[in-house]
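Asker: Sequence unavailable; structure follows:
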């Protein structure tokens, strides 16, 4: 029955963090096994998260742009939506990518194993599938088992009309009325997809603003757009009850400052955050420690309390972002292979891939105020950018926060199309310790949306000529 | 389960060693305390135990190899069950509700985890990610480097420059090329290879001489009474191991003065910004051996009696001569004594043993006729000449001569030594 296997490095979870860790370790000469409970590699990001959602958001964005051409003298017929073809298109992209990972694993000699991994001790794992079980003895293990959608305690979750980000991406149908619970990144992205495809979407957020991690001023243009697209945006409110009707529609009780209301929706998408996938790991058989929020505690080397067990990505805490997981995965693989490495990033960018996009990196104004960090600000409204006006993005904005003394870039916030692509310059500026003059004197191509970063720095310096800034 | 035996950290400063003997062969059964290798480092030879019970599967090094801390030496197959066995056994042992079940104390397959030496760089360090990575790889703390780049940014060149400087310093200062001279054209010659100890001592002495501003203070101590006291003690304890030399008395006297003048029992810190005063008294004793100069350290001298010191000195100097000192017996000194009393000469200028800040050099004592102003008579006194070299960055001239006066005074007053 049981098979036995001995490896130098076992990686649990083949998401963007896990496969990066496995591949890096293999490139450093280690014998690696990459374990995932799903048959496809790539994890949530590739199969049930970032990538499929971006495929759908692209459709929704182009539909929006096509409609906006009416103002510019180009009109189309009403779009016809063939859900089956959209699903196939999305699945093709996903399959192309996860097939690519499988090929790269093979090329590197990384063994992949499908099954649920559970620790037996500080150096043994048991991987079980329906038909077999394998005991793996490892020298080092990298836990990258990720996270899954949270549910609301006490509220109906197990019903075909109650969706998670995963089932929402399956795009089974377009509900007439959809309630999105949670005004964070996932809720707004998927809400916008369904709205474009024809649903009447409402969103409920417990906090007083959408995307709680970002500064309100860069969320505002998105919120204005969503107000037009969505049926309603209900802030400072929570869903206290969901009851299923016979026709599978849902009675939802929403509680806010104004009291309780009851509404009927065809479907409800629960997007109230994600929880670390720790249960199946059987960590009680190891000395790995969790923090008070249930994430695995790690040091800068991504080591857990057990020195030969590493953890990376969503399972070690926020921000739960693929690019953070990838970097941590590489650090873990390097440290586990004896390479001197540490998680040393100065900033990790966050992006909301809605239309318009919202992106920020480093310090936000909210954080600065909360932690009493002094900063100064340079802002460039996209209404002054020729390119932005030409593409109908004059609602956008780029702002940079600077250290008042050294004038180094502390943080950048952007809202507008391609904000997620432009933000990288902000991350680079922070990593390199660039200051306002560095950014302003870097020649940015014109006319682009990216030049708004240079403009924001010039606005701060008072050298800008595309805006009139009264003297300080 | 095959385990690798890794060269452990041999103690501060010692990074590598040469293999002088491989005591086992492939197939040998060893237990954890069995010696498998003998190494010779800068100044000592060491025996490396097997650490684990098992059978030697593979020897990864051979005699004459230079090896470094962390290097794999040999592979030993443990006598515990192999993986196949554990796989099935373990499932039986811990029942499913095992949250409270005791975990095996030691995981059988884990090699000793080395601490990574590459922390994340502090936020106030101004360097690009590539330079930060390089500094981790080189094990350099960026906070100790001054950046020469734009606005003080630490560049790759700054790192290279820092490394070059460190290499120069550790190899004994700026390289001076000496022209090769053919001495045989003036007569017959003979070449003698310097021992490893001689080469290393040479480098260290040169570095100390070049980096520390030395001042040497000469003084004399009247040890007529101490001489008598020692004779009496030796007569009384003749049956004991051996005669007590002057050295334990000199050590005790040194500690007495160091306690009064803690500045001389100190070191400058890494940045040369703080003086690190030590509240412990470990005396390095320079010992001449056939292989070269060795400085074993007697720890906690203030806690030990004259007899204990005497025994320890005998043991240390014997083992120094036989190259059996362990590395940790030659580190941690706070002050050094170098005695040429048994050889000859009056006064010499000893070189400080860094990171200490002073060294006492003892010369040969002799009888002198001393005129006493009070009694207006002359009498023969047993006089010991000695020298104190001190680091002038830490000790000023007044303190230097105060030290030697106090030392002379302590030695002339035998009540100091009446403990026994």
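Answerer: Ah, there it is. Note that the structure is a prediction, hence the values are computed from the model and not measured.
Asker: what kind of secondary structure is the residue in the stretch 201-350 of chain B positioned nearest to chain A in?
Answerer: Relative to chain A, the nearest point of the stretch 201-350 of chain B is residue B:270 (20.5 Å; CB to the nearest CB). Any C-beta I mention is one placed from the backbone N, CA and C, and that applies to glycine too. Following DSSP: H, G, I helix; E, B strand; the rest coil, residue B:270 is assigned to coil.
Asker: so how many other residues sit close to it?
Answerer: Residue B:270: 11 surrounding residues under other CB atoms under 10 Å in any protein chain shown.
Asker: List the residues that contact the closest residue to residue B:297 other than its chain neighbours.
Answerer: Among residues not flanking residue B:297 along the chain, residue B:333 sits closest, at 4.3 Å (CB to CB, 6 or more residues apart in numbering or on different chains). Contact analysis of residue B:333 by CB atoms under 8 Å, 6 or more residues apart in numbering or on different chains lists B:282, B:283, B:284, B:295, B:297, B:353, B:356.
Asker: among those residues, who's most crowded?
Answerer: Most neighbours among those, by other CB under 10 Å: residue B:283, with 29 neighbours.
Asker: from memory it sits against residue B:332, does it?
Answerer: No. Residue B:283 is beyond contact range of residue B:332, at 10.5 Å (criterion: CB atoms under 8 Å).
Asker: Show me whatever sits in contact with both of these two.
Answerer: Residues touching both residue B:283 and residue B:332 by CB under 8 Å, 6+ apart: residue B:297.
Asker: ok, back up a step: now go through the contacts of residue B:333 and say which are in strands.
Answerer: Mapping those onto strands (DSSP state E) picks out B:283, B:284, B:297.
Asker: so which of those would you say is closest to residue B:412?
Answerer: residue B:283 (20.7 Å; CB to CB).
Asker: Tell me the pLDDT of the closest one.
Answerer: Reported pLDDT at residue B:283 in the predicted model: 96.
Asker: Now do the contacts for it.
Answerer: Residue B:283 neighbours (CB under 8 Å, 6+ apart): B:251, B:254, B:255, B:297, B:298, B:301, B:333, B:334, B:335, B:336, B:337.
Asker: Run through the bridge partners of the residue nearest to the last one when sequence neighbours are not counted.
Answerer: Think residue B:337. Among residues not flanking residue B:337 along the chain, residue B:360 sits closest, at 5.1 Å (CB to CB, 6+ apart). Counting by DSSP bridges, residue B:360 is bridged to residue B:337, residue B:388.
Asker: before we move on, the earlier item: the contacts of residue B:333 into CSV, with extra columns for distance to residue A:326?
Answerer: Below are the contacts of residue B:333 laid out as CSV (distance: CB to CB, whole Å):
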residue, distance to residue A:326
B:282, 51
B:283, 56
B:284, 53
B:295, 52
B:297, 50
B:353, 51
B:356, 50
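Asker: Correct me if wrong: residue A:83 contacts residue A:193.
Answerer: No. Using CB under 8 Å as the test, residue A:83 is too far from residue A:193 to be in contact (11.9 Å).
Asker: between the two, which one's more packed in?
Answerer: Comparing residue A:83 with residue A:193 by neighbour count (other CB under 10 Å), the higher total belongs to residue A:193, at 25 against 12.
Asker: so is that one in a helix, a strand, or just coil?
Answerer: Classified using three-state DSSP, residue A:193 is helix.
Asker: So it sits against residue A:58, correct?
Answerer: No. Between residue A:193 and residue A:58 there is no contact under CB under 8 Å: 9.8 Å.
Asker: ok, which stretches of the stretch 151-300 of chain B are helices?
Answerer: Ranges of helices within the stretch 151-300 of chain B are B:156-170, B:196-211, B:224-236, B:247-260, based on DSSP state H, counting those that start in this stretch.
Asker: can you check the stretch 101-250 of chain A too?
Answerer: Applying DSSP H, counting those that start in this stretch to the stretch 101-250 of chain A gives helices spanning A:165-169, A:185-196, A:216-229.
Asker: give me the low-pLDDT residue ranges for chain B?
Answerer: Residue ranges of chain B with pLDDT under 70: B:9-15, B:33, B:41-45, B:79-114, B:117-121, B:170-178, B:238-241, B:419-420.
Asker: Can you give the domain ranges for it?
Answerer: B:2-84, B:129-170, B:215-417 (automatic domain parsing).
Asker: I'd like these as CSV, with distance to residue B:204 appended.
Answerer: Putting those into CSV (distance: least, CB to CB, whole Å) gives the following:
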stretch, distance to residue B:204
domain B:2-84, 9
domain B:129-170, 10
domain B:215-417, 8
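Asker: Any idea which of these gets closest to residue A:401?
Answerer: domain B:129-170 (18.5 Å).
Asker: Please identify which residue in the stretch 151-300 of chain A comes closest to chain B.
Answerer: residue A:300 (4.5 Å).
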